[in-house]
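Undergrad: here is a sequence together with a model predicted from it:
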Number of protein chains: 2
Amino acid sequence: MAAKPPTPSRSSSREEILDAAEEVFAARGYAGASMRAIADGAGVAQALLHYHFKTKEGLFEAMFLRRAGAINRIRIARLDAMLSRGRPSVEDIIEALLRPAVETGDAPMQGGARFAALILELSTADAAWQRDLMARAYDAMATRFIAALMTALPGLDRAGATWGYLFVVGAALTQMPSTGRAHRLSRGATEDADTDAMITRAIIFAAAGLRALAVPMPDHFES
Amino acid sequence: MAAKPPTPSRSSSREEILDAAEEVFAARGYAGASMRAIADGAGVAQALLHYHFKTKEGLFEAMFLRRAGAINRIRIARLDAMLSRGRPSVEDIIEALLRPAVETGDAPMQGGARFAALILELSTADAAWQRDLMARAYDAMATRFIAALMTALPGLDRAGATWGYLFVVGAALTQMPSTGRAHRLSRGATEDADTDAMITRAIIFAAAGLRALAVPMPDHFES
DNA sequence: GTCTATAGTTCGATAGAC
DNA sequence: GTCTATCGAACTATAGAC
């Protein structure tokens, strides 16, 4: 789909830089990361980063789109497979949306957990280029899932489906970087690193929440 | 409750620095903000920031605890008032948790919307001092609300109530900085800046989600 | 308590050799 | 494509006068 260099083995250091950028950006955020730290992580000279990506912003963009694109392709593939087999349940749709975010596997990061922090930073930023990047990385995928939710849940209008989608993503994304908070607040009853338990509960939580939003409107409307 | 300087009018510039710090930190994040920009915003010399708060970290801490404390006091007051009047519904509890976050009013920020981005940055950070600050700012309040949820929803165990609390906060917090995303994804069917519509839907969504978590376990368990 | 001035680092980016 | 070397700007923090 995207333009790829015709050379069969594209310059290997370019990918190594992107790998290192993922680690450093995810650990320290955009502003907190430095080109020097990324160059060191990749084992190349700092100038090479500027040769390949021109600016820090350009490197961040390439890094972010690579990872987000990889995850979104899995999401869409799962959704398409489900749709071709019949009418998926709300739970199925949510699972196809959330699981790929924690099952990255192929690139060097702890289960995509820290990448979630990066998405949150980007999605709440107010710089124009960050909002644009967020839109380019996720809007197409989000539109597909919002449509799927409206099909699975007649009675859910577009505004409700949109807020519902954003709630689901926000609820799950904020729990992915394991900070020890769930363990502490639950007095040891659960573990942050147990992403499976978290995702399982998130699906139950989100499916019920979406079904409630599908009811036209409770009985009063205000403001 | 906290130690206050005995002087009736405490150095006014100290508060002005905190006000400016809120704006700059919320707009650019911790790493992206500079002491210079904060000093300029407060109209004082940069050295004065270090006199009052010693380091950038110290200033961030003071700023964050002041704002978080103010919001949490309102939350706890609302919860206590409800509890003294009988058994509040899940919706009431969630409303007491979410509304104060968007109705800050007294300090100079656009409805506390951008402060939410700061909370998200802090809650997903992995530096020790940031996790400690997060715990000091929110754990006591969170514990009260988790307990209230368990009382309102028998069948909700501590692990479920904890994840539920975290889901609710994550779902709502991620929507507070209005980025135009909801407007775009819904094709104009809703507006990001309409926080009342967002909060109203968040309460419906979250209440249903929490009730679903209160059911011991659906009927199958997988993975 | 508030200022000016500056020390000491670190940053993003570029020039230019190979 | 990759490197060394470096520029100029920004940063946090401190010293010291008032």
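TA: Okay, I see it. Because the structure is a prediction, the values reported are computed rather than measured. Numbers count the residues shown, from 1 in each chain, chains lettered A, B, ... in the order given.

Undergrad: let me see the ranges of the helices in chain A.
TA: A:12-32, A:35-42, A:46-53, A:56-84, A:90-102, A:113-124, A:128-152, A:158-173, A:181-185, A:195-213 (DSSP state H).

Undergrad: buried deepest among those, which one?
TA: helix A:158-173 (a mean of 25; mean count of other C-beta atoms under 10 Å in any protein chain shown). Using the backbone N, CA and C atoms, a C-beta is placed for each residue, glycine as well.

Undergrad: which strands and helices sit next to it?
TA: Packing partners of helix A:158-173 (3 or more C-beta pairs under 8 Å, 6 or more residues apart in numbering or on different chains; DSSP states H and E): helix A:90-102, helix A:113-124, helix A:128-152, helix A:195-213, helix B:158-173, helix B:181-185, helix B:195-214.

Undergrad: and the angle from it to helix A:90-102?
TA: Angle, helix A:158-173 to helix A:90-102, by axes from the mean of the first three to the mean of the last three C-alpha atoms, to 10 degrees: 40 degrees.

Undergrad: next to DNA strand C, which bits of chain A? Give me the list.
TA: A:33, A:34, A:35, A:36, A:37, A:46, A:47, A:50, A:54, A:55, A:56, A:57 (C-beta under 7 Å from any atom of the strand).

Undergrad: format the helices and strands packed on helix A:158-173 as a markdown table; extra columns: mean pLDDT and distance to DNA strand D.
TA: Below are the helices and strands packed on helix A:158-173 laid out as a markdown table (pLDDT from 0 to 100; distance: least, C-beta to the nearest atom of the strand, whole Å):
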| stretch | mean pLDDT | distance to DNA strand D |
| --- | --- | --- |
| helix A:90-102 | 97 | 30 |
| helix A:113-124 | 95 | 18 |
| helix A:128-152 | 98 | 18 |
| helix A:195-213 | 97 | 34 |
| helix B:158-173 | 98 | 25 |
| helix B:181-185 | 98 | 28 |
| helix B:195-214 | 97 | 31 |
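
Undergrad: wait, which of the ones you listed is closest to residue A:81?
TA: helix A:90-102 (8.6 Å; C-beta to C-beta).

Undergrad: the closest one packs against which elements?
TA: helix A:56-84, helix A:113-124, helix A:128-152, helix A:158-173, helix A:195-213.

Undergrad: avg pLDDT for the first one?
TA: The average pLDDT within helix A:56-84 is 98.

Undergrad: sorry, back to before: among the helices of chain A, which is nearest residue B:170?
TA: Checked against C-beta to C-beta, the stretch from the helices of chain A lying closest is helix A:158-173, at 4.7 Å.

Undergrad: report the angle between the closest one and helix B:113-124.
TA: Using the same axes, to 10 degrees, the direction of helix A:158-173 lies 30 degrees away from that of helix B:113-124.

Undergrad: tell me which two of the residues of chain A next to DNA strand C sit farthest apart.
TA: Farthest apart among the residues of chain A next to DNA strand C by C-beta to C-beta are A:37 and A:54. That separation is 18.4 Å.

Undergrad: hmm, back to that, out of the helices of chain A, nearest to residue B:216?
TA: Taking the helices of chain A one by one with C-beta to C-beta, helix A:195-213 is closest: 11.2 Å.

Undergrad: tell me if that closest one is near chain B.
TA: Yes - interface with chain B: helix A:195-213 contributes A:196-198, A:200-202, A:204-213 (C-beta under 8 Å from any C-beta of the partner chain).

Undergrad: helices or strands up against that helix?
TA: helix A:90-102, helix A:158-173, helix B:158-173, helix B:195-214.

Undergrad: just the angle between it and helix A:90-102, please?
TA: 140 degrees.

Undergrad: what angle do helix A:195-213 and helix A:128-152 make?
TA: With the same axes, to 10 degrees defining the directions, helix A:195-213 sits at 70 degrees from helix A:128-152.

Undergrad: dump helix A:195-213 to PDB, restricted to CA.
TA: Output of helix A:195-213 as PDB, limited to C-alpha atoms (Å, rounded to 0.1, in the frame of the first residue of the first chain):
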ATOM      1  CA  THR A 195      -2.600  -7.500  30.900                       C
ATOM      2  CA  ASP A 196      -4.800 -10.400  30.100                       C
ATOM      3  CA  ALA A 197      -6.900  -9.900  33.200                       C
ATOM      4  CA  MET A 198      -7.000  -6.200  32.400                       C
ATOM      5  CA  ILE A 199      -8.100  -6.700  28.800                       C
ATOM      6  CA  THR A 200     -10.700  -9.300  29.800                       C
ATOM      7  CA  ARG A 201     -12.300  -6.900  32.300                       C
ATOM      8  CA  ALA A 202     -12.000  -4.000  29.800                       C
ATOM      9  CA  ILE A 203     -14.000  -6.000  27.300                       C
ATOM     10  CA  ILE A 204     -16.800  -6.700  29.700                       C
ATOM     11  CA  PHE A 205     -16.800  -3.200  31.000                       C
ATOM     12  CA  ALA A 206     -16.800  -1.600  27.500                       C
ATOM     13  CA  ALA A 207     -19.400  -3.900  25.900                       C
ATOM     14  CA  ALA A 208     -21.900  -3.100  28.700                       C
ATOM     15  CA  GLY A 209     -21.100   0.600  28.400                       C
ATOM     16  CA  LEU A 210     -21.600   0.600  24.700                       C
ATOM     17  CA  ARG A 211     -24.900  -1.200  25.000                       C
ATOM     18  CA  ALA A 212     -26.100   1.400  27.500                       C
ATOM     19  CA  LEU A 213     -25.200   4.200  25.100                       C
END
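
Undergrad: so how far is that helix off the chain centroid?
TA: Mean-position distance between helix A:195-213 and its chain equals 17 Å (C-alpha atoms, centre = their mean, to the nearest Å).

Undergrad: kindly report the same for stretch A:46-60.
TA: For stretch A:46-60, the distance to the chain centre is 23 Å (C-alpha atoms, centre = their mean).

Undergrad: before we move on, what about stretch A:85-92?
TA: Taking C-alpha atoms, centre = their mean, one finds stretch A:85-92 lying 21 Å from the centre of the chain it belongs to.

Undergrad: next one: stretch A:179-196
TA: Distance of stretch A:179-196 from its chain centroid, counting by C-alpha atoms, centre = their mean, is 21 Å.

Undergrad: what sits against residue A:88?
TA: By C-beta atoms under 8 Å, 6 or more residues apart in numbering or on different chains, residue A:88 lies in contact with A:79, A:82, A:96, A:148, A:152.

Undergrad: try it again at 6 Å.
TA: residue A:82 (C-beta atoms under 6 Å, 6 or more residues apart in numbering or on different chains).
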